[in-house]
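# here is my input, please return the structure:
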Amino acid sequence: MATLLSLALCVAGLWWTELLGPYLTLEVWPRVLLLLSIGLLSACFPDVDTESKSQRLFYRLLILLDIWFILIGDYRTAALLGLGAMLPLLGKHRGWTHTWLAMLLVPALFLLVPMYLKGKVESFPIVCYVVSVSAYASHLVLDGYIAQTGRRIRRLLGAN
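This next block holds a predicted model:
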């Protein structure tokens, strides 16, 4: 939901400032759809650690993506994707996938590490990372984990 709301606000802002025109071309839409997909998938990711529709969706997409990387000969990315796919199975439901650290590191594993391995900094994967972290955070906020973490930190620091 947060992804759709963010997208709507971006479109409204671009329309209001009369800068929407370049985004109405067919060249841009594959990236817009990719960003929307990344946002929606990232918002669902914290619940991939339990048997659910989210888990089935993720593993079906990951196997297709992994096969594609193997077919094009990008074995390092395929191996990294396979490793990342196993990580949610190492915890319990609402365990490590529901932490702010996972919110920062899981999208990095899929979006920033491949860019690092290729040795080339590109702006679009960074935009994808920001969208992913924002969508992941929306799940944690709705589940109450961000507020809960803030309360724990304040208790540790002795603040009221």
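# make it CA atoms for all contacts and neighbour counts henceforth
Will do.
# how are the helices of the protein distributed by residue range?
Counting by DSSP state H, the chain has helices at residues 2-16, 29-44, 53-71, 75-86, 100-111, 113-118, 123-143, 145-157.
# the shortest one - what's its average pLDDT?
Put plainly, it is helix 113-118. Helix 113-118 carries an average pLDDT of 80.
# in it, what's buried?
If you call a residue buried by 16 or more other CA atoms under 10 Å, then helix 113-118 has these buried ones: 113-115.
# could you find the closest non-adjacent residue to His139?
Ala43 (5.4 Å; CA to CA, 6 or more residues apart in numbering).
# got the contact list for that neighbour?
Applying CA atoms under 8 Å, 6 or more residues apart in numbering to Ala43 gives the contacts 3, 132, 135-139.
# quick one: which of the residues you listed has the most company?
The residue in the contacts of Ala43 with the most neighbours, by other CA atoms under 10 Å, is Tyr136 (31 neighbours).
# from what I can see it touches Leu105, true?
No - at 10.8 Å, Tyr136 does not count as touching Leu105 under the criterion of CA atoms under 8 Å.
# just put the contacts of Ala43 in JSON lines and tack on pLDDT and distance to Arg94.
What follows is those, written out as JSON lines (pLDDT from 0 to 100; distance: CA to CA, whole Å):
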{"residue": "Thr3", "pLDDT": "61", "distance to Arg94": "21"}
{"residue": "Ser132", "pLDDT": "89", "distance to Arg94": "19"}
{"residue": "Ala135", "pLDDT": "89", "distance to Arg94": "17"}
{"residue": "Tyr136", "pLDDT": "91", "distance to Arg94": "13"}
{"residue": "Ala137", "pLDDT": "89", "distance to Arg94": "14"}
{"residue": "Ser138", "pLDDT": "86", "distance to Arg94": "15"}
{"residue": "His139", "pLDDT": "87", "distance to Arg94": "11"}
